[in-house]
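Colleague: Okay, here's the prediction I keep looking at, along with the sequence it came from:
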Amino acid sequence: MSRKNIALFIFCALMVFSTQAWASRARVMVLGTGDPMGLLNGGSLLFEDEYNLFYNPSYINDQKNWAVIEKSNYNNATGSTTAMGGFAAKIHGLNMGLFLNRIEELASGATTGMNYANINNMRPIELYLGNDTGIKWGAGVQYASFTNATQTNSDITLRAGIQHQAFEPFAWLKLSGSEETSTPTIKHSSVGGGLRYRYGEWTPYAGIRQDEIAQGTVSVKSATLGLGATRNTKLSESTRMVYGLGFFRKTQNSRNIMPVDFSVEADAASWVTVRGGLSYHLLDRVNGVTQADSTTGRLGASFHFGKADLNWAVGGGGVAETATSMDSQAFDFGNGIFTAVSIAYRW
C-alpha cells in the first residue's frame, strides 16, 4: 500500500459516522427553507434542524449540546457577508441556548423599505430557554442596538413555542423597535405565529406575520402568510429525501408564490455527507404579472471529524445570497466556491 493510500486509510478511520442533523446555515441553505418570503427569518419548514429553534424555541429540547461558528455570504437583511455563532446546552435542569449576530432576526420578512437603517451594525444577541415537562416548551428573547451621532436603533423581540403530541404551535412579538433620529422616531412592529403538525412522514404547516413601520402619521403595513406540506422520507439507510409544496402571499406588493422544494441528503461514506436542493416556483406573480424565473439549485457537503462537522455550501464568491435566490451569479473556481462554511460540534 502506497503512503498516499495509508494516509487516506488513517484519515477515514478517524472519522465517525453521523446521520444527526447539525446546526448549520450551510445545510439549511442547500436543503431549503420552504419559505420564499422570509415569513420566519430563520430555520426551515421542510425538515428538522437545530436552527428551527429560531422560530419555535421548543425545539431546543430536541436538539441540544451543540456549538457552531459560521462564515458566509448569506444575509437575508442586507445581502452582505456575515459571521455568526452560538451554542445550546443543558444547564441547571434547563435547556439553554445563546446565539450571536444573527442579523436575519431583525429583518421584516424582506419587506421593501421596512428594515432598520444601519441594520447590519446592530449586533443582535439571542437567549433561549426550554424544558420538557410532559409538554415541550421554549421561549426566546433577542436584543439588538446601534448608536451613532444622529441615530439610535433598538429592538427587543420575544418568541415562544410548544410541542404537544403532533401539534407544534409557535409565535413571536416585537416588544419594542425604534429608530430615534432628529426627525420623529421611526417605530417598528412585528407579530406572527404558525403551526406545524406531524402526520407520519408528512408535516403540514401554516404561518402568518404582520409588519409595520411608522413615522409620525405615516405608516406602511405588510402581511405575509404561508401554508403547505412537506414529506421527509428515507430512500435507504444512508439517503434521505425531502419534498414539499406551498403557497405564500405578501400583501405589500400583492405577490403570490407557489414554491416546489426538493432535496436529497446522502451519507456517501462514514466521513462525508453530500446534499443537493432545488427550489422551483410553480407560480410567482406580482399584481398578476409573472416574475422572472427564480429556480435555484444548491450543492453542499458535511465532512465528519469525530464529534465535529465541517459544513459547506457551494457558490460563487462575488455575490451575496438572499432569501429568495440562493444561487450566486458566478459558479466557478475563479470566483470562489464557498458561499457558506461552518464548524459545528456536538457533545
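Modeller: Structure received. Numbers count the residues shown, from 1 in each chain.
Colleague: my read is Leu53 is in a helix, agree?
Modeller: Yes. Read with DSSP: H, G, I helix; E, B strand; the rest coil, Leu53 is one of the residues of a helix.
Colleague: where do the helices sit along the stretch 201-347 of the chain?
Modeller: With DSSP state H, counting those that start in this stretch as the criterion, the stretch 201-347 of the chain has no helices.
Colleague: so where's it uncertain?
Modeller: 315-337 (pLDDT under 70).
Colleague: Check the offset of stretch 255-264 from the chain's centre.
Modeller: On the basis of C-alpha atoms, centre = their mean, to the nearest Å, stretch 255-264 sits 16 Å off its chain's mean C-alpha point.
Colleague: Tell me which residues of it come out buried.
Modeller: With burial defined by 16 or more other C-beta atoms under 10 Å, the residues of stretch 255-264 counted as buried are 255, 257-264. Yep, even glycine has a C-beta here, placed from its N, CA and C like the rest.
Colleague: Then stretch 201-219?
Modeller: 203-207, 209, 211-213.
Colleague: now what about it, what contacts it?
Modeller: With contact meaning C-beta atoms under 8 Å, 6 or more residues apart in numbering, stretch 201-219 is reached by 34, 39-40, 45, 108-109, 111, 113-114, 183-197, 220-233.
Colleague: Same check on stretch 174-186?
Modeller: Applying C-beta under 8 Å, 6+ apart, the set of residues contacting stretch 174-186 is 116-117, 150-158, 187-191, 213-216.
Colleague: now do 6 Å
Modeller: 151-158, 187-190, 215-216 (C-beta atoms under 6 Å, 6 or more residues apart in numbering).
Colleague: Looking at those residues, which one is closest to Glu50?
Modeller: If you rank the contacts of stretch 174-186 by distance to Glu50 using C-beta to C-beta, Thr157 comes first, at 19.4 Å.
Colleague: Kindly spell out which helices and strands sit in contact with the host helix or strand of that closest one.
Modeller: Element membership for Thr157 (DSSP states H and E) is strand 152-163. In terms of contacts (3 or more C-beta pairs under 6 Å, 6 or more residues apart in numbering; DSSP states H and E), strand 152-163 is packed against strand 136-147, strand 167-180.
Colleague: which residues touch it?
Modeller: 56-58, 106, 116, 122, 135-146, 170-180.
Colleague: Kindly calculate the angle that that strand makes with strand 136-147.
Modeller: 170 degrees (axes from the mean of the first three to the mean of the last three C-alpha atoms, to 10 degrees).
Colleague: Dump the C-alpha coordinates for strand 152-163 into CSV.
Modeller: The C-alpha trace of strand 152-163 is given here as CSV (Å, rounded to 0.1, in the frame of the first residue of the first chain):
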residue,chain,number,x,y,z
THR,A,152,-30.1,55.2,18.0
ASN,A,153,-31.7,51.9,17.0
SER,A,154,-33.0,49.4,19.5
ASP,A,155,-35.0,46.2,19.1
ILE,A,156,-36.5,43.6,21.5
THR,A,157,-38.3,40.5,20.1
LEU,A,158,-39.9,37.7,22.1
ARG,A,159,-40.5,34.2,20.8
ALA,A,160,-42.4,31.2,22.2
GLY,A,161,-43.4,27.7,21.1
ILE,A,162,-44.5,24.3,22.4
GLN,A,163,-44.7,20.7,21.2
